[in-house]
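**Q** Predicted coordinates and the sequence they were generated for:
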Amino acid sequence: MTNLVEVRNLRIEATTDAGRLVEIIRGVSLDIADGEIVALIGESGSGKTTVALSLMGYARPGCRITGGEINVNGKNMAALSEKERAKLRGTDIAYVPQSAAASFNPSSTIIEQVIEVTRIHGLMPPEQARKRAVELFRALSLPDPEGIGARYPHQVSGGQLQRLSAAMALIGDPKLMIFDEPTTALDVTTQIDVLKAFKSVMRAGGIAGVYVSHDLAVVAQIADHIVVLKGGEVQETGTTAQILSAAQHPYTRELLAAFEPKPRQAHADADAGAKPLLRIDNVTAGYGAVRDDGLPLIRAVDSVSLVVETGRNLGVIGESGCGKSTLARVIAGIHPAAAGDIVFDGKQLERAARKRSQDQLREMQIVFQYADTALNPAKPVEDIIARPLAFYHGLDRQARSKRVDELLDMVRLPRTLRYRRPSELSGGQKQRVNFARALAAGPKLIICDEITSALDTVVASAVIELLKELQRELGLSYIFISHDLSVVEAICDEIMVMYNGERVEQITPDKLKAPTHPYSKLLFSSVPKLDPTWLDGLARDPELVRQYGHR
Amino acid sequence: MTMASTASPRRLFLGHSYNLVGVVAALVILAWTLIAILAPYIIPHPIGDIVDDDYFGPMRQGLWLGSDYLGRDMLSRVLMGARYTVGISLAAVSIACFSGVMLGMIAAVTGGWLDTCLSRFLDAMNSIPSKLFGLVVVAAVGSSIPVLILTLAVIYIPGAYRFARALAVNINTMDFMTVARVRGENTAYLIGSEILPNIIRPVLADFGLRFVFIVLLLSGLSFLGLGLQPPLADWGALVRENIGGLPFAAPAVIVPSLAIASLTISVNLLIDNLPQKIRDRNA
């Protein structure tokens, strides 16, 4: 036994509701040496999380490990009894889940949950465990390491919670840590702190790790080896440098290609037909009790003005909580503004959608981030797309059916998909249906609220390409709201940076390299690059981080 | 995806999977429903006729379920009792669930003062003990089949309302509801096309459960003498009028009790074992 982890020919099967067996992992083999971090990357459904969980001998309900060996520290996890596995979990192998917020118990303090592992396994007396926890908090560069443990999970930020869940995993002194997309839900500015903390503790303790992610740039910062998975099979294995510079497999190349800056088409009619389609002036909106001046207590959007010109796109970028989604809802009239004017196509719009005319509603469509919740799970795709056709255009059954086919063609979906329910589609397909419904209305402006955030890199870039094509064909305008700079950069003519409800800067993509506002500087410099030395070489102005970072 | 094996313990039929318990329960319910419909044509004796010289007679040829406290044919009375028990309960549960679910969805979609008023009013209704309410109504206006149906329905509307509203409130926060609202859809479309298809399964389960409650409450009212009036009798009334046969282990008191149990337990089992639609298209 030379490696800490040796997985040989792992097979995992799942049972469908018809009682049919499906092989979801088909003969995966991988090695992890002591102190080495191996990244598992691949699109959703590629089996990366399933493989990672199998290292603890765990298969999710309905799944079964049916073949192969999983040797971790000399023990075959696949062959051990559940009781023996339980002994190893938390001590030899530890797990850091994707959503720390969902994996902490909201009703007990953080420190109690962090030291729970030592109590279950009887590793050390509680007093010693507490001391050890504080040391870990310090090592993970958490603020106030002595006091943070006494708080409850809702009293700390998402990035802190993610590091606290790492502390929970580290307290049992594991030889192997499993990270399941730990930074996917975090803002780029927060992600950096978390990644740095993870990297330093792993290196200091010589702990081996498995890092599950679909973000190649993040993986490049932290992993020594990369294993690319697709369809439950290993596509390619290599050191990080090898994969990044000389990828062999087409899927890996596709992943890499999604990172390359896309050539932007210049708008020929850019200045010729530059008439404003949407103009909002000093719009303020928020939540909570309305005060004497007619403004709400908490202002999520504070005196924001913007202009969208016909046939052009505006990107709105900022971290979570900056008010960008509220801005989208204000424009669409879902969340009526407290003050300010919205002028659309030369006419003043009512603030609330209820009071707008049917044509005004039709011409401005909004597409939401989560296609899962934006599509009614009880209806087939054709009914979902056909409804705006019947509602706005009064088409009869035959005309609707024909138009649904055209719309499916437009969003590059096979026509046979029309009979399926949303739950039978992949994430990318759902988002296309979501978009087709907006197109069915025949809009002039589409507000896209984080529409690619829930998608994999490769799928997201395909969706962006589709949006560009449709814009050329149909002369649409988009407002593109995102926290992902590369997405906004790829499609927008103007980029507006928001921070704390206010517009801090508006720039064009070609000037992205030289933002003037300090927050834009911090934000843009926080986007991970494919270069593996990027994180280590990153020098951020501590003054900026103190002012704008949420640590 | 590869086909590894098609071995399955569950049965498949018309794209649904179901299990044995559910099928048996459904057959019992179907049998009682058929009896309820056909009862007047299949009963061997009119329900009011005294056909036995003895009272609480045993099971024997000609009187398959024995005779009751007046010597009337028990088989005929149980078969006709099915008609009243199933019919009244079904009518009451349909009214209760339809009104409750509609009001619940409207309250969830509309919100605001309408929601508050409806919820508080129905909560107040809910706080009245059901048997007591039935007692008061029957004492005030007398007992007849329409009065019984309406009373039972009114008693169970608040529960159906609460249940549907809780489900609809969850659906109401989904993005597709927001999309439909900014499209300009009216309340009728929102509740009929967007919410109802998503809550119909739990609502049907609730329908079955409430049916059971109503059968039991109706039996309880009849047992207290507030239900159907003689010579008509539902199962609850049959148990009451024959309670004197208990020391003799007369079938006249056991059989209607078993009938109530078989129907209510079957409905419960069916709800727990409804056929599952198979969404796995490659199967």
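**A** Good, I have the coordinates. In this text, all values refer to a predicted model and were calculated from it rather than measured experimentally. Numbers count the residues shown, from 1 in each chain, chains lettered A, B, ... in the order given.
**Q** Distance from stretch A:334-348 to the middle of the chain?
**A** 30 Å (Cα atoms, centre = their mean, to the nearest Å).
**Q** Same check on stretch A:458-473?
**A** The answer for stretch A:458-473 is 19 Å, by Cα atoms, centre = their mean.
**Q** pLDDT value on residue B:6, please?
**A** Residue B:6 is assigned 38 on the pLDDT scale.
**Q** ok now do residue 164, which residues does it touch?
**A** In the absence of a named chain, chain A is used. Neighbouring residues of residue A:164 by Cβ atoms under 8 Å, 6 or more residues apart in numbering or on different chains: A:100, A:104, A:110, A:114, A:137, A:140, A:142, A:148, A:156. Backbone N, C-alpha and C define where each C-beta goes, glycine included.
**Q** oops, I was thinking of chain B
**A** By Cβ under 8 Å, 6+ apart, the contact set of residue B:164 is B:100-101, B:103-105, B:108, B:199, B:203, B:206.
**Q** Check residue A:520 too.
**A** A:497, A:504-505, A:507.
**Q** Please narrow the residues you listed to those residing in helices.
**A** The helices, defined by DSSP state H, take in nothing from these.
**Q** How is residue 69 assigned, secondary-structure-wise?
**A** You didn't say which chain, so I picked chain A. Under the three-state scheme (DSSP: H, G, I helix; E, B strand; the rest coil), residue A:69 adopts strand.
**Q** Name the nearest residue to it, ignoring sequence neighbours.
**A** Excluding the flanking residues, the one nearest residue A:69 by Cβ to Cβ, 6 or more residues apart in numbering or on different chains is residue A:8, at 4.6 Å.
**Q** you'd agree the one you found is up against residue A:68?
**A** Yes: the pair residue A:8 / residue A:68 is scored as a contact, 5.6 Å apart, by Cβ atoms under 8 Å.
**Q** any chance you could map the strands in the stretch 51-200 of chain A?
**A** In chain order, the stretch 51-200 of chain A shows strands spanning A:63-72, A:75-76, A:93-96, A:176-180, with DSSP state E, counting those that start in this stretch as the criterion.
**Q** Which of those sits closest to residue B:93?
**A** Proximity to residue B:93, assessed across the strands of the stretch 51-200 of chain A by Cβ to Cβ, is greatest for strand A:63-72 (40.8 Å).
**Q** Return the angle between stretch directions for that closest one and strand A:176-180.
**A** Computed by axes from the mean of the first three to the mean of the last three Cα atoms, to 10 degrees, the angle separating strand A:63-72 from strand A:176-180 equals 140 degrees.
**Q** Return the set of buried residues in strand A:63-72.
**A** Residues A:63, A:65, A:67-68, A:70-72 are the ones in strand A:63-72 that count as buried (16 or more other Cβ atoms under 10 Å in any protein chain shown).
**Q** ok, so of the residues you listed, who is nearest residue A:332?
**A** Taking Cβ to Cβ as the measure, residue A:63 is the one of the buried residues of strand A:63-72 closest to residue A:332, at 41.0 Å.
**Q** Enumerate the residues of the stretch 101-250 of chain B near chain A.
**A** Proximity of the stretch 101-250 of chain B to chain A is assessed by Cβ under 8 Å from any Cβ of the partner chain, with B:174-176, B:178-185, B:193-194, B:197-198, B:200 identified as the residues in range.
**Q** can you pick the most crowded of those?
**A** For these, the largest neighbour count, defined by other Cβ atoms under 10 Å in any protein chain shown, is 27 neighbours, found at residue B:179.
**Q** ok so, going back, closest one to residue B:149 out of the contacts of residue A:164, please.
**A** Taking Cβ to Cβ as the measure, residue B:149 lies nearest residue A:104 of those, at 51.9 Å.
**Q** Neighbours of that closest one, how many?
**A** When counting by other Cβ under 10 Å, one arrives at 21 neighbours for residue A:104.
**Q** any idea how far the residue nearest the centre of chain B lies from chain A?
**A** With the centre of chain B defined as its mean C-alpha position, the nearest residue by Cα atoms, centre = their mean is residue B:211, 1.7 Å away. In this structure, residue B:211 and chain A are separated by 24 Å, where distance is defined by Cβ to the nearest Cβ, to the nearest Å.
**Q** And the residue in chain A that chain B sits nearest to, which helix or strand is it part of?
**A** Ranked by Cβ to the nearest Cβ, the top residue of chain A for proximity to chain B is residue A:19, at 2.8 Å. Here residue A:19 is covered by no helix or strand, with elements defined by DSSP states H and E.
**Q** low-scoring stretches of the stretch 401-550 of chain A, by residue?
**A** Low-confidence segments of the stretch 401-550 of chain A, defined by pLDDT under 70, span residues A:512-513, A:546-547, A:549-550.
**Q** Please, where are all the helices along the stretch 351-500 of chain A?
**A** A:358-363, A:371-374, A:381-393, A:397-410, A:427-440, A:457-474, A:485-491 (DSSP state H, counting those that start in this stretch).
**Q** Around chain B, which positions in the stretch 301-450 of chain A sit nearby?
**A** So far as Cβ under 8 Å from any Cβ goes, the stretch 301-450 of chain A lies against chain B at A:332-334, A:353, A:356, A:358, A:361, A:366, A:368, A:370, A:373-379, A:387-388, A:391-392, A:421, A:423-424, A:437, A:441.
**Q** pretty sure residue B:85 belongs to a helix, no?
**A** Yes: using three-state DSSP, the assignment for residue B:85 is a helix.
**Q** Tell me, how many residues neighbour it?
**A** As a burial measure, residue B:85 scores 30 neighbours (other Cβ under 10 Å).
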